[in-house]
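A.B. asks: let me see the structure of the following:
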Amino acid sequence: MNDVLVSTRSRSATNGDAADDVEVIARLRAARDRVRQEMGKVIVGQHDVVDSLLIGLLCRGHILLHGVPGLGKTLMARTLSRTLDMQFRRVQFTPDLMPADITGTDVMEEDQATGKHRVTFVPGPVFTNFLLADEINRTPPKTQAALLQAMQEGEVSVGRETYHLKPPFFVVATQNPIEMEGTYPLPEAQLDRFMFNVKVKYPTVDEEVQIIKGTTSTLSAQADKVLGAEDLLRLQDLVRGVPIADSVVRYTARLVAASRPGTTLPGAKSLDSVHKYLSYGASPRASQYLVLGAKARAILGGKYHVDFADIQAIAAPALRHRLVLNFHARADNLDADALVERLLKLVHGEENG
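C.D. replies: Modelled structure (predicted):
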């Protein structure tokens, strides 16, 4: 066991003595700070993106990184896997990639001793702890769909057999928003499997100066291990035990329900300014991920319970890829983030609005 997690009890954060809770949260925050510190050796800035990756990992979710080429999305994922000492595999998605290239396939082998043939399963790169699906929108839907079962159920079916993936299992997919030729937009069903859709932004001028200095010299920084896979599994259990008030859960449900066209909420303001631009809203999976993500955000911030601010802080990455915009939104030049912002203003935490 490393110096960050000397011992982590396999209990929820709602049980045990208050002193133990304080100790657990302190260790978790220390782990977050050390992960950010180690990643800072390689990655300049992008603290919000790193926090979103950590939240997704702690919640057993998966993350879609959305940004133009050259912003360090691949490097960010690889560096995070090193700080957590997770088995890492990267798949470069291309138009000719087949489902078996990801999941694995059955092959015929000859037994050298008996001369008989037998069918053996050769696992694909999905059998790992940390899978980077690089430029996932470059491969056809058939191959994209090969990840669906693994991401949702943690297993892979090949032929008549089903193979279970060893936890922790974390998928980070990258997507390039500016290239259209040779790309295949992800279907809504697959987008919904991702906990967060995180926008990776350009660095500031000062950050870019650091990037230039750090990548054009003879020195190359390396991130060190902070946590092990077993530590991470225990932390995932702890996050689910973070308490949340019924009023916050209800607010989350109201917020997600407000994204669905035709829905009216007692005590809420008119939602016409949002529904006008939507064909479909978010599913209950959005509510689940909002609550889980808020729990992780709260405990990483040193708090002992979830409040409304935690839900609001992760609303955009949790909802932006689950809102299906119509032609009115395109005509008025509105994106999903603008509609999420409107929802947050219209839906309040109290029943009386």
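
A.B. asks: from here on, contacts and neighbour counts on C-alpha atoms
C.D. replies: Noted.

A.B. asks: distance from stretch 80-93 to the middle of the chain?
C.D. replies: Relative to its parent chain, stretch 80-93 has a centroid offset of 14 Å by Cα atoms, centre = their mean, to the nearest Å.

A.B. asks: now do stretch 56-66
C.D. replies: Computed by Cα atoms, centre = their mean, the chain-centroid distance of stretch 56-66 equals 1 Å.

A.B. asks: then stretch 271-282?
C.D. replies: Using Cα atoms, centre = their mean, the offset of stretch 271-282 from its chain centre is 25 Å.

A.B. asks: which residues does Leu278 form a beta bridge with?
C.D. replies: Leu325 (DSSP bridges).

A.B. asks: and it, how far from Leu132?
C.D. replies: Relative to Leu132, Leu278 is positioned 31 Å away (criterion: Cα to Cα, to the nearest Å).

A.B. asks: more neighbours: these two, which one.
C.D. replies: Using other Cα atoms under 10 Å as the criterion, Leu278 and Leu132 rank with Leu132 on top: 26 against 20.

A.B. asks: wait, doesn't that one sit right on Gln87?
C.D. replies: No: using Cα atoms under 8 Å, Leu132 is not in contact with Gln87; the gap is 11.0 Å.

A.B. asks: so where's the stretch 251-353 of the chain uncertain?
C.D. replies: Low-confidence segments of the stretch 251-353 of the chain, defined by pLDDT under 70, span residues 267-268, 349-353.

A.B. asks: the strands in it, which residues?
C.D. replies: 278-280, 324-325 (DSSP state E, counting those that start in this stretch).

A.B. asks: show me where the stretch 51-200 of the chain has helices.
C.D. replies: For the stretch 51-200 of the chain, the helices defined by DSSP state H, counting those that start in this stretch cover 73-83, 100-103, 141-144, 148-153, 188-191.

A.B. asks: so which of those is the most surrounded?
C.D. replies: Mean neighbours per residue, mean count of other Cα atoms under 10 Å, is largest over the helices of the stretch 51-200 of the chain for helix 73-83, with a mean of 21.

A.B. asks: distance between that one and the chain's centre?
C.D. replies: Helix 73-83 sits 13 Å away from the centroid of its parent chain (Cα atoms, centre = their mean).

A.B. asks: before we move on, back to that, which one of the strands of the stretch 251-353 of the chain is the most hemmed in?
C.D. replies: The highest mean neighbour count among the strands of the stretch 251-353 of the chain, using mean count of other Cα under 10 Å, belongs to strand 324-325: a mean of 18.

A.B. asks: in the sheet, who's paired with Thr120?
C.D. replies: Val107.
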